[in-house]
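Visitor: Sequence and computational prediction follow.
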Amino acid sequence: MENDGASQEKLFDMRGALLLAALLGGNIALALGPWLVRLTDTGPVSAAFWRLFLALPFLIVFAHVTGQKLSGMPRKTLLLVAIGAFAFAGDLASWHIGIGMTRLGNATLFGNAGSIILLFWGFIIARMMPRGAEWLAIVCALAGAGILLGRSLEISAETFAGDLFCIAAGLLYAVYLLTLQGERARFGSWSLLVWVSIFACPVLLGIALILGEPVLPTNWTPVIVLFITSQLIGQGLLVYSLGHFPPLIIGLALLTQPAIAAVIGYSVFGEVLTPLDIGGMVLLGSALVVARAAQRNAVASASANRP
């Protein structure tokens with residue numbers, strides 16, 4: 001009996017280690033996204049189109065394997081999916097444009113600002129004031145964002161505009177999550193992501209054409225690696241692991257993304273960070289962690305990372 005107990009404990013430890021590795025691996029895979037967007041020889045919005053379009057067949061397989069239905073959705077759900085897909089397409093378009101204009105660390109932090117926005121939304125819906133650590137998240141978010149925006153404005157107007165594009169992406173991602181949070185519980189993440197992608201792909205393609213971007217890549221490698229790492233590996237590992245961790249752990253794991261992005265920005269693109277930049281990132285990153293830990297609804301786990 002003792003041996004059986006020891007074996008089960010060892011099995012649980014191994015499973016916990018695998019789940020943690022999946023959580024970290026998913027964040028690491030997603031952290032490569034901004035770098036790969038810059039490497040593509042299409043336009044930034046075109047890259048967003050390809051990352052969704054190429055992943056679509058695999059998402060359908062994931063939904064089928066997990067037993068999530070792709071048919072039989074009521075009109076109300078499809079209407080909400082369409083609204084959410086427009087917000088999601090705007091999120092990806094805005095974020096990809098911002099990635100090319102500002103520093104990678106800033107782009108990753110501001111692009112993930114949706115959880116802070118959701119925290120504010122929670123206060124509005126509940127008609128209540130923040131408490132305790134929630135005030136800390138707000139102060140850290142405002143201070144960190146102020147420092148990073150000020151530093152970007154010092155560098156150039158373009159990097160400041162890039163930060164604003166990424167903040168807009170975070171806002172649109174929050175709209176996407178709020179629109180579909182009830183339907184996600186009813187139909188499943190993979191099923192909804194399939195339909196969101198079906199609606200969002202033509203929107204992204206239309207935006208790319210209106211902007212006059214090159215759509216077809218001459219070098220497919222960055223585009224293929226982008227959809228594999230961001231849509232398949234990153235999203236797949238996170239969907240597998242998110243339900244097993246509290247929001248605080250998810251928030252802490254999220255911080256691997258801006259850290260890796262900042263290292264890539266420095267080593268590949270020469271984006272030097274001053275102590276003030278690092279301080280701003282620490283403040284904003286701390287706000288993201290506290291915001292995730294403070295959220296009390298199902299959207300907390302669903303918003304852990306951009307799909």
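Guide: Received it, and whenever you're ready, just let me know what you need. Numbers count the residues shown, from 1 in each chain.

Visitor: alpha carbons only for contacts and neighbour counts from here, please
Guide: Will do.

Visitor: buried stuff in the helix or strand encompassing residue 142?
Guide: Assigned by DSSP states H and E, residue 142 belongs to helix 133-155. For helix 133-155, burial by neighbour count (16 or more other C-alpha atoms under 10 Å) applies to 134, 136-138, 140-141, 143-145, 147-149, 151-152.

Visitor: for the record, mean pLDDT for that helix?
Guide: What helix 133-155 shows for mean pLDDT is 82.

Visitor: hmm, who's touching that helix?
Guide: 102, 106, 116, 159-160, 163, 276-277, 279-288, 290-291, 294 (C-alpha atoms under 8 Å, 6 or more residues apart in numbering).

Visitor: change it to 7 Å
Guide: Applying C-alpha atoms under 7 Å, 6 or more residues apart in numbering, the external contacts of helix 133-155 come out as 159-160, 163, 277, 280-281, 283-284, 286-287, 290-291, 294.

Visitor: thinking again about what came up before, identify the farthest-apart pair in the buried residues of helix 133-155.
Guide: 134 and 152 (26.7 Å; C-alpha to C-alpha).

Visitor: which residues of this structure score low on pLDDT?
Guide: Within the chain, the stretches with pLDDT under 70 are 1-13, 122-128, 130-133, 185, 242-243, 247-248, 292-307.

Visitor: how does it look with 50?
Guide: 1-2, 8, 11, 296-305, 307 (pLDDT under 50).

Visitor: Spell out the residue ranges of the strands in it.
Guide: Ranges of strands within the chain: none, based on DSSP state E.

Visitor: Can you report phi and psi for the nearest residue to residue 38 once chain neighbours are set aside?
Guide: Closest residue to residue 38 apart from its sequence neighbours, by C-alpha to C-alpha, 6 or more residues apart in numbering: residue 100 at 6.2 Å. The phi/psi pair for residue 100 (degrees, to the nearest 10) reads phi -80, psi -10.

Visitor: Residue 100 and residue 223: what is the separation?
Guide: 15 Å (C-alpha to C-alpha, to the nearest Å).

Visitor: Repeat that for residue 112.
Guide: On the measure of C-alpha to C-alpha, residue 112 and residue 223 end up 22 Å apart.

Visitor: As a markdown table, the buried residues of helix 133-155 with distance to residue 71 would be great.
Guide: Shown next, in a markdown table, are the buried residues of helix 133-155 (distance: C-alpha to C-alpha, whole Å):
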| residue | distance to residue 71 |
| --- | --- |
| 134 | 40 |
| 136 | 44 |
| 137 | 41 |
| 138 | 41 |
| 140 | 44 |
| 141 | 41 |
| 143 | 46 |
| 144 | 44 |
| 145 | 42 |
| 147 | 48 |
| 148 | 45 |
| 149 | 45 |
| 151 | 49 |
| 152 | 46 |
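
Visitor: buried ones in stretch 72-91?
Guide: For stretch 72-91, by 16+ other C-alpha under 10 Å, it's 77-78, 80-91.
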